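K.L.:
Build the 3D model from these lines:
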Amino acid sequence: MKKIIMILFAVFSLQSNVHSADAYVYGSGKYFMYGVEKSDLQVINTSLIALGFTSSLSETDNSGYGFDVGLGTEVAPNFFLEGGYVNYGTLTINTTTTGGVENIKTEIKGNGVTGAVKYETDGFYFKGGMHSWDFSGTVSTSLGSSSDALGSGTDPFFGIGFGSDGFEFGYEYYAIEEGDISALTARFSHKF
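P.N.:
Sure, this is the predicted structure:
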């Protein structure tokens, strides 16, 4: 929360130096693709078999829905600074074991804050910046559930897209340590 407040304060400070028509709020819906590979699922299966299960099968649709909200301001012609909050959605992995029949549900959720420079021209935009992320996981079984922090960090993110009149459609890429996630976005912004 402290990071969100710092970014919003920085954007509002910049906004006070420009005309109010250059500042805006935005929000978007995001369809995330998490980049989980079969080898990642096999690590889960191998670990469960090492615990004593006869077999283990893990599956995921490798996607989820999230959103972001934030503030932006034009600092030079066609150049904008943006800061906001992003919810990375929920990755769900379902695992079935035998030799001790169990259905295990793993949910990984995350959120973060973003800061970016955006360039717009002829209806197209390009943006790049940093996102500070935090992920946690919950494992649910027939005996109960357990939640734990999975990690946090700060890495680059990039986006491209097109739009007009406050509506935009785009693609975003978020680096996360040794992995990544990507998203298709539909966004609306409003000047104030």
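
K.L.:
May I see the buried residues of whichever strand or helix holds residue 115?
P.N.:
Taking DSSP states H and E as the definition, one finds residue 115 inside strand 102-121. Within strand 102-121, the residues scored as buried using 16 or more other CB atoms under 10 Å are 104, 106-116, 118, 120. For every residue, glycine as well, the C-beta is placed using N, CA and C.

K.L.:
Can you identify each of the strands in the protein by residue range?
P.N.:
For the chain, strands defined by DSSP state E occupy the ranges 23-33, 55-60, 63-76, 79-98, 102-121, 124-141, 144-164, 167-176, 179-191.

K.L.:
circling back to that earlier point, who does the strand holding residue 115 touch, helix- and strand-wise?
P.N.:
Applying 3 or more CB pairs under 8 Å, 6 or more residues apart in numbering; DSSP states H and E, we find strand 102-121 packed against helix 2-15, strand 63-76, strand 79-98, strand 124-141, strand 144-164.

K.L.:
ok, the second one: who's next to it in the sheet?
P.N.:
It stands for strand 63-76. strand 23-33 (antiparallel), strand 79-98 (antiparallel) (DSSP bridges).

K.L.:
Residue 170 is nearest to which of those?
P.N.:
Nearest to residue 170 among the strands paired with strand 63-76 is strand 23-33; the distance by CB to CB comes to 8.5 Å.

K.L.:
tell me which residues of that closest one are tucked away?
P.N.:
Neighbour counts using 16+ other CB under 10 Å place 23, 24, 26, 28, 30, 32 of strand 23-33 among the buried residues.

K.L.:
now, the most widely separated pair of those?
P.N.:
It's 23 and 32 that sit farthest apart of the buried residues of strand 23-33, by CB to CB, at 28.0 Å.
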